[in-house]
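Visitor: Build me a model:
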Amino acid sequence: MSKQRSFSTRPARAIRTAAIATALVVAGTLAGCAADGGDAGDGDRTLNVLIAQPQEGAGKILAEQYEEETGVKVEIEVVPYDQIQTKAILDAQSGTNHYDAIQYWYTSVGALAEAGALADLTDWASSDEEIDEPDFIQSIFGPYTQFEGKTYGLPIDGDTHVLFYNTDILERNGVAVPTTWDEYVAAAKTITEAEKANGVYGAALLGSKSAFNIGSTFFNRLATMSPDPIDPAMPDLTTDAAVAAAQAMLDASPYALPSPLEIGFEQALPQFLAGNVGMIEFWTDLGVFAQDPGQSKIVDGWGVAPLPIGPEGHVSGALNAGWAMGVSPNASDEELAKDFVRFSSSKAMNEQLITTTGSGVDPIRTSTLESEKYREFAPQVAEVSAQVLPEAQSWPTSPAAPEMISALNDNLALMLQGNLTAEQAMAQTWDAWQKL
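Guide: Prediction:
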């Protein structure tokens, strides 16, 4: 994810509908932007960029680097991730026209494009040699940027989960690193039953009712259990794989850090780093934290592997979180805004960010995924990322995606509470999706 990945920065609120139900006042006006783009290095020019809170660390790095290289001042407005969509749409439709570039969670690309809040960048992205569109990891590029055959942004952070594990906990319980979800549940059960009295649990299940937590936990299983790719327009929840994905969450919950419904990344991460959790599904930059003596008690005592798979599944992952940068259709200086987007997604910046502790950014390009600098910075994680990211699968990205994800989260939470079976949770969600 960016993700500014400290324990408290990732938002914990569920994704909400982008319908503008209440008026929001956007203060300030765009200052000093030359209409023709001017010369690079003209310090009077300013870009206003809307950034999600999880991306704050990366956003500051991008702003500082861009200003240093061009002389253009970049004003970053940081808001909770579930406000990005509403703010961008209101800015475009109200005529406020404050923002030049907009960073968005990729699942909202359809909603933003349909609302006219993102400029069509199709021709520019495909023809600009500096962008090098084919170098983007293709499993990321399409879902992050495209709606109805048009391109509306460029990726800046490729997010997926892999399986981290505590080598000491697994070894002392005689448990092998699981390669299937059945093995995962069995391993979690063995560890929890043996060490629960000492505050050690087999797994941390991210089950709090926010998209980045309970949603990620479900899509991790759907992506690795289904024989068919997830349909980003309307994932089929009537399949055996969808029910099995939900059931696998239920099966693991008794042996997970209590209580899964109250466990988000901000609760699970410190417990794993403290040596109290055997296994955790998490974003790839956890490896950097695990090797930091200032934050971790498990330095050199952890490992990483692809997520387990189901009987008909394969090594894969879900694109959990994940961010792109687009241009406002009303940007005061469209060419300058495009230049910032191109800079933010460039090979050089992606390599710098994925090798900077605390940026929270993961690879978006084949060249950076395979770079020597990245492999030296995070050797274990880089090896697993190379297996998983090219196979990672998308969450919904249609215009109704925010509402779809919210309905899914609600029903998964009811399931973990014991109020729905896995079959009922999927059926109820599917019915809600059809109404959308």
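
Visitor: check contacts around Gly301.
Guide: 166-168, 275 (CB atoms under 8 Å, 6 or more residues apart in numbering). Quick note: C-beta positions are derived from backbone N, CA and C, even for glycine.

Visitor: From the residues you listed, which land in strands?
Guide: Asn166 (DSSP state E).

Visitor: Scan the contacts of Gly301 and report the most crowded one.
Guide: Per-residue neighbour counts (other CB atoms under 10 Å) across the contacts of Gly301 peak at Asn166, which has 23 neighbours.

Visitor: quick one: it and Val304 touch, right?
Guide: No: contact between Asn166 and Val304 fails when scored by CB atoms under 8 Å: they sit 11.2 Å apart.

Visitor: re earlier: including distance to Val381, could the contacts of Gly301 go into CSV?
Guide: Output for these, formatted as CSV (distance: CB to CB, whole Å):
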residue, distance to Val381
Asn166, 16
Thr167, 15
Asp168, 19
Gly275, 19
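
Visitor: how about the contacts of Gly301, which pair is most distant?
Guide: Farthest-apart pair in the contacts of Gly301 is Thr167 and Gly275; separation 10.7 Å (CB to CB).

Visitor: per-residue confidence at the residue nearest the centre of the chain?
Guide: The residue lying closest to the centre of the chain (CA atoms, centre = their mean) is Ala321, at 1.6 Å. Note for Ala321: predicted pLDDT of 92.

Visitor: The one 5 residues further on now?
Guide: At Gly326, the predicted lDDT confidence score is 98.

Visitor: can you confirm it is in a strand?
Guide: Yes: Gly326: assigned to a strand according to DSSP: H, G, I helix; E, B strand; the rest coil.

Visitor: Contacts only, for the nearest residue to it once chain neighbours are set aside.
Guide: Spatially, and ignoring its direct neighbours in sequence, Gly326 is nearest to Gly153 (3.5 Å; CB to CB, 6 or more residues apart in numbering). Shown in contact with Gly153 (CB under 8 Å, 6+ apart): 104, 109, 118, 121, 144-145, 324-327, 341.

Visitor: Please apply the same query to Leu205.
Guide: Applying CB under 8 Å, 6+ apart, the residues near Leu205 are 217, 249, 252-253, 256-257, 260, 263.

Visitor: for stretch 281-294, how far is the first residue from the last?
Guide: 22 Å (CA to CA, to the nearest Å).

Visitor: Looking at it now, give me its mean pLDDT.
Guide: Mean per-residue pLDDT for stretch 281-294: 94.

Visitor: Could you list the buried residues of that stretch?
Guide: 281-291 (16 or more other CB atoms under 10 Å).

Visitor: how about these in CSV, adding distance to Ile405 and secondary structure?
Guide: Formatted as CSV, the entries for the buried residues of stretch 281-294 read as follows, by distance: CB to CB, whole Å; DSSP: H, G, I helix; E, B strand; the rest coil:
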residue, distance to Ile405, secondary structure
Glu281, 18, strand
Phe282, 20, strand
Trp283, 18, strand
Thr284, 22, coil
Asp285, 23, coil
Leu286, 23, helix
Gly287, 27, helix
Val288, 28, helix
Phe289, 27, helix
Ala290, 29, helix
Gln291, 33, coil
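
Visitor: would CSV of the residues you listed with distance to Ala241 be doable?
Guide: Formatted as CSV, the buried residues of stretch 281-294 follow (distance: CB to CB, whole Å):
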residue, distance to Ala241
Glu281, 18
Phe282, 23
Trp283, 24
Thr284, 24
Asp285, 29
Leu286, 27
Gly287, 29
Val288, 33
Phe289, 32
Ala290, 31
Gln291, 35
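
Visitor: Greatest separation within the residues you listed: which pair is it?
Guide: Longest span within the buried residues of stretch 281-294, CB to CB: Glu281 and Gln291, 18.9 Å.

Visitor: Select from the contacts of Gly153 the one having the most neighbours.
Guide: Tyr144 (33 neighbours).

Visitor: Is it in a helix, a strand, or coil?
Guide: helix.

Visitor: Go ahead and confirm it touches Ala321.
Guide: No: using CB under 8 Å, Tyr144 is not in contact with Ala321, being 11.1 Å away.

Visitor: thinking again about what came up before, ok, so of the buried residues of stretch 281-294, who is nearest Ala422?
Guide: The nearest member of the buried residues of stretch 281-294 to Ala422, counting by CB to CB, is Glu281 at 18.1 Å.

Visitor: Torsion angles phi and psi at the spatially closest residue to the closest one that is not a sequence neighbour?
Guide: In this structure, Glu281 finds its nearest non-sequential neighbour in His161, 4.5 Å apart by CB to CB, 6+ apart. Per-residue torsions, His161: phi -100, psi 150 (degrees, to the nearest 10).

Visitor: what ranges do the strands span in the stretch 301-436 of the chain?
Guide: 302-305, 317-318, 323-327, 392-393 (DSSP state E, counting those that start in this stretch).

Visitor: how about those in JSON lines, adding distance to Ala88?
Guide: Formatted as JSON lines, these follow (distance: least, CB to CB, whole Å):
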{"stretch": "strand 302-305", "distance to Ala88": "35"}
{"stretch": "strand 317-318", "distance to Ala88": "24"}
{"stretch": "strand 323-327", "distance to Ala88": "9"}
{"stretch": "strand 392-393", "distance to Ala88": "25"}
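
Visitor: Could you say which one of those strands comes nearest to Lys73?
Guide: strand 323-327 (17.4 Å).

Visitor: Show me the contact partners of that closest one.
Guide: Residues contacting strand 323-327 (CB under 8 Å, 6+ apart): 1-2, 52, 54-55, 100-106, 109, 112, 118-119, 121, 144-145, 152-157, 159, 334, 337-338, 340-341, 344-345.

Visitor: what bits of the stretch 1-150 of the chain have low per-residue confidence?
Guide: Flagging of the stretch 1-150 of the chain using pLDDT under 70 yields the residue ranges 1-43.

Visitor: coming back round to it: from the buried residues of stretch 281-294, which single one is nearest Gln417?
Guide: Scanning the buried residues of stretch 281-294 for proximity to Gln417, where the rule is CB to CB, the winner is Glu281, at 20.7 Å.

Visitor: I'd say the closest one and Thr160 touch.
Guide: No: in this structure, Glu281 is not within contact of Thr160 by CB under 8 Å, at 9.9 Å.

Visitor: Number of residues surrounding the residue nearest to Glu281?
Guide: 27.

Visitor: ok, now Ala242?
Guide: By other CB under 10 Å, neighbour count at Ala242 equals 25.
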